[in-house]
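Asker: Please find the sequence and the predicted model below.
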Amino acid sequence: MPPERHEGSGAGELPVPMAWMYAEYLAGELLRTGDLMEPATLEFRAGRDALALTIFLLDGAVAGALPAARVDELRLLTAAGAPWRRWVRTRLAAPVAGGTGADLALARSAWRWLEETELLAADPEAVGQLPPWEEAAEGAEEEARVWTPAWQLGLPLGHLAVHLY
């Protein structure tokens, strides 16, 4: 399903956001192929949206399979410690090549969801704090979980899916 844009001849036709839809499709396929998460979970959505944003903001989706150079770019952008969040904000503020206003509206909506939605996740700070010989208290599992912005869960998931590609 390569991105296509057909300019309508009639007035009042709605633009089809093919660049965004294709980026979302590619991201979903990468995650499904990696078999990292059930597609019905919020974590999967976070990974798909983070990866779709990255693909889309790399100057729109590319027709056909992802070329090796694009895969390398995705790995670098989604790597731990990369300034991905700042990169997304900067790119969303600038016009995106190959995308329509409808594409950009969907990309901005995905970004809002990733920033505003928090998911309950394991606390990376708490991992390994108790010595193995000490037994955890009964409620320790809940204490070792924190509310995390969806993009902070989705980005590493997307990064792993790109590595498995």
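Answerer: Done, it's in.
Asker: Please count neighbours and contacts with C-alpha atoms only from this point.
Answerer: Fine.
Asker: The most centrally placed residue in the chain: what secondary structure?
Answerer: Computing the C-alpha centroid of the chain and ranking residues by C-alpha atoms, centre = their mean puts residue 50 first, at 1.3 Å. Using DSSP: H, G, I helix; E, B strand; the rest coil, the secondary structure recorded for residue 50 is helix.
Asker: wait, it sits on residue 161?
Answerer: No - Residue 50 is beyond contact range of residue 161, at 11.5 Å (criterion: C-alpha atoms under 8 Å).
Asker: got the CA coordinates for whichever strand or helix holds residue 153 in CSV?
Answerer: Secondary structure assigned from DSSP states H and E places residue 153 in helix 150-164. The C-alpha coordinates for helix 150-164 follow below in CSV (Å, rounded to 0.1, in the frame of the first residue of the first chain):
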residue,chain,number,x,y,z
ALA,A,150,3.0,6.8,26.6
TRP,A,151,5.9,8.0,24.4
GLN,A,152,8.4,6.8,27.0
LEU,A,153,7.1,3.2,26.6
GLY,A,154,6.4,3.4,22.9
LEU,A,155,9.8,4.7,21.8
PRO,A,156,11.8,1.8,23.2
LEU,A,157,9.3,-0.7,21.8
GLY,A,158,9.5,0.9,18.4
HIS,A,159,13.3,0.9,18.6
LEU,A,160,13.3,-2.8,19.4
ALA,A,161,10.9,-3.5,16.5
VAL,A,162,13.3,-1.7,14.1
HIS,A,163,16.2,-3.8,15.4
LEU,A,164,14.3,-7.0,14.8
